[in-house]
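> predicted model, plus sequence, below.
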Amino acid sequence: MRPRVRVTLTYVSDEEAASSIVKEVESGGGSAAAVPMDLTDHSFIERAVSEAASRHGGLDVLVANAVRWPTDAAGPLAESDPVVWQTALRANLEGTAATVRAAWPLLAQSGHGRIVLISTGVTRQGRAGATAYAATKAGVEGLMAALKWEGRSQAS
C-alpha cells in the first residue's frame, strides 16, 4: 500500500493556482494545504515551515522551488537597479537559505529528512537579461553543495 502523501505548498501571489494544486493532491487521496509565504520576509518563512510541520505532525521532505522570475531585475546588468537586484537576491537565495534553516531541525527530527533545491541550467549556460536570476540560482547550487557536507557531519 502506498503511503498517503501530505503536502503543504506555499505561494506569494497566486492563491487560485495553489488551491488548484491542493485539490489535485486531495483528489489523488493525499492531504494538502496552501499557505502564503514571502521569501523576502524571514518571519513569513518560519511561520510557513512551522505550519506545515504542525499540520502534518513533522517534516520529511523540503522541496524549495520558489523563485522570483521573471525577476524585476531582468535586463542587462549595466542597466539594473541595485535595489531591484537586492530584492532578487533576497527572495531567490536568502529566502531559500532561510527556508532550509527553518526546516533543518524538523527534517533532522524525522530521522530521514531530505532537502531538494531546484536550480536551472541558466547558471551554466547564461541567458541575456537573466544576470540576477542566474547569479541567485548559482548561489542556491553552492548552498546545496555545502549543505550536503553539513548533513554528513551532523549524521556522524
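Received, thanks.
> okay, the closest residue in space to Thr40 that isn't next to it in sequence and Leu39: tell me how far apart.
Sequence neighbours aside, Arg90 is the residue nearest to Thr40 in space, at 4.6 Å (criterion: Cβ to Cβ, 6 or more residues apart in numbering). Heads up, the C-betas are built off the backbone N, CA and C, glycines and all. As judged by Cβ to Cβ, to the nearest Å, Arg90 and Leu39 stand 7 Å apart.
> before we move on, back to that, secondary structure class for the residue nearest to Thr40?
helix (DSSP: H, G, I helix; E, B strand; the rest coil).
> return the distance of it relative to Asp38.
10 Å.
> ok, now Glu16?
18 Å.
> the two: who's more crowded?
Neighbours around Glu16 and Asp38, counted as other Cβ atoms under 10 Å, are more numerous at Asp38. The numbers are 16 against 9.
> next, the contact list for the most centrally placed residue in the chain, please.
The C-alpha lying nearest the average C-alpha coordinate of the chain belongs to Ala64 (Cα atoms, centre = their mean; 2.6 Å). Listed by Cβ atoms under 8 Å, 6 or more residues apart in numbering, the contact partners of Ala64 are Thr96, Thr99, Val100, Ile115, Val116, Leu117, Ile118, Val140.
> would a markdown table of the residues you listed with pLDDT, secondary structure and neighbour count be doable?
Putting the contacts of Ala64 into a markdown table (pLDDT from 0 to 100; DSSP: H, G, I helix; E, B strand; the rest coil; neighbours: other Cβ atoms under 10 Å) gives the following:
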| residue | pLDDT | secondary structure | neighbour count |
| --- | --- | --- | --- |
| Thr96 | 94 | helix | 26 |
| Thr99 | 95 | helix | 23 |
| Val100 | 96 | helix | 21 |
| Ile115 | 93 | strand | 18 |
| Val116 | 93 | strand | 10 |
| Leu117 | 93 | strand | 18 |
| Ile118 | 91 | coil | 13 |
| Val140 | 94 | helix | 22 |
